[in-house]
Structure formats: structure tokens, C-alpha cells
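*Asks:* Next input, structure requested:
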Amino acid sequence: MRRVVRVAGFAGLGFLMAGAVQSSDFKEVHRTLTLDPDGRLEIHTYKGSITVKTSAAAEVQISARIEPDGDDRWDREKVEETQIRISGGGHSVEVKSDYDEVRHHRFLGLFGGDGGSLPFVHYTVVMPGTARLEIEDYKSETKISDLKGDLKLHTYKGSVSARGLEGAAQIKTYKGDIHVDFTRFVRASRFETYKGTFDVALPRDSRFDLDADMGHRGDLESDFAIAVRTRRSGRQAMRGAVNGGGPELRFSAYRGSLHLRSL
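*Replies:* Numbers count the residues shown, from 1 in each chain. All right, here's what the predicted structure looks like:
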């Protein structure tokens, strides 16, 4: 039987938590907070998924589903110990997957030394399209749609699909797989990777200055004609103005790849 648990918030700590729908195998948290159209949403998580959509409303709707990574009772208990911390409202909202209780109970030699894997957290978020989005992630699958505000994202081994971007983008990854489509390119953006892949698409008539340094053994492909291409001591670089130049598009990699596509 599923049950609904309401947990009171602690205003002094800025901690908010919604009612959690629970079963023996998963836990769900839902919360809606005000968020200004020019505000900022921060998400800090470890593994699972993040799906972000946008709307015109001055609010952010957050749903999180916590699922075990395994099928024994230890894994189910870790779901109960995992918390979703939601704080703020108005100009800034922060969301965090909190595994502190799991780590304390499981990874310090207690309960027979049982460790294992942390639970998955799957986020579904609806936020103002003009607000800023910042994500700090380890290895989640992230999907972002129609964001007009700026995007700042750091993932370790996660995958990212960001479609319909209009603001500045700063994305950094280690061995991640990143796909980014800009509806229009009007603000400077930067991408950085170690052994990861970037597929970045811009409208064919975009005006920008490209500064791409692929390091040693990097791979670079471009659908756009670039004025200058250099190779020094095994390092591949491409620099120059596209369609007369404009905001800077900077890319740096170590053994990574970049495919710059035109739409």
C-alpha cells in the first residue's frame, strides 16, 4: 500500500520538502515554488536523469523519483535514506540530491560493511524559460528543452541533450556525450571536455568567432567555413570569424571531439 507523508519545513535552514509518495521500491517528492523570470535554478545531483522543460509561469515545478540501484533490502533502505533538499524561492531556487544519511550508514563499515550503489534520482522540472539554469552532476542523463536563459552545466560521465537554446552556454564534461542545438547564437559560449564528445548545432547564418583548441589527438569537424586553421606540435586548433564574426564560441578538449554543425 502506498502512503503520503507530509514533512514540515525548517524555515531557518531554508529547507523545503514536499509530500513524499512512497512504496517499498521508490519514493517521490513534488514541490512548486515561485521563481522570477530572471531568476536562477540550481540542481546538484549524482546519477539518474534530469528532464527540464520551460513555461511562461513565474514558478518552478519539481518532481523527483528516487529508485534503488539493486533489488535487495539494503537498496530499498537506501531509497528511504536519500533526501531531496529544496530551498529558496523568488530569485533563486536550489535542488539537491542528499545522500549523507546513506553514506553515513552504509559506507563507514556499519551493517556488516555493506556499501553498494547509491539510488537513482530522476528529476522532472518545469521552469521559466528566461531564467538561468545551473546543473552540477556526476553521471545522469540530462534533457533540456527551449531554454532562453543562460545554461551552466558540469557533468562527469553523464549525457546531455540541450535543444532550442538561446542564452549563453557553459558546459564541461569528463567522458560525457553532449548534444547542443541553438535556436540562435547571440551570447558567448564555452565548451570543455576530457575524452568526451560534443555535437553543437547553430543556424546556418549565425555570426560568431570560433576559438577551438583540440589539444593532442583531438578531433574537430565543422560545417562552417573557418578563416584560420592551425596545427602545432600535434595540437589541432581552429580559429577565425564565421559570417563576419560575432559572440565567441570557445571549445577546448583533451582527446575529445567536436562536430560543429549548421542547421
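
*Asks:* buried ones in the longest helix seen in the chain?
*Replies:* Taking DSSP state H as the criterion, the chain has its longest helix at helix 73-81. Buried positions in helix 73-81, judged by neighbour count with 16 or more other CB atoms under 10 Å: 74-81. Every C-beta, even on glycine, is put in place using the N, C-alpha and C of the backbone.

*Asks:* As a check, name the ranges of all strands in the stretch 151-263 of the chain.
*Replies:* 151-155, 159-165, 169-174, 177-182, 189-194, 197-202, 208-216, 219-222, 228-232, 235-242, 248-254, 257-262 (DSSP state E, counting those that start in this stretch).

*Asks:* what's the closest of the ones you listed to Ala58?
*Replies:* For these, proximity to Ala58 was assessed by CB to CB; strand 151-155 is nearest, at 19.3 Å.

*Asks:* could you give the angle of that closest one to strand 169-174?
*Replies:* 0 degrees (axes from the mean of the first three to the mean of the last three CA atoms, to 10 degrees).

*Asks:* Rebuild the buried residues of helix 73-81 as CSV, extending it with distance to Thr32.
*Replies:* What follows is those, written out as CSV (distance: CB to CB, whole Å):
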residue, distance to Thr32
Trp74, 33
Asp75, 30
Arg76, 28
Glu77, 29
Lys78, 27
Val79, 23
Glu80, 24
Glu81, 25
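
*Asks:* What is the burial count for the residue lying closest to Leu165 once chain neighbours are set aside?
*Replies:* Among residues not flanking Leu165 along the chain, Phe182 sits closest, at 5.0 Å (CB to CB, 6 or more residues apart in numbering). Look at Phe182: counted by other CB atoms under 10 Å, it has 23 neighbours.

*Asks:* So Phe182 is in contact with Glu166, correct?
*Replies:* Yes. In this structure Phe182 lies within contact range of Glu166 using CB atoms under 8 Å: 7.0 Å.
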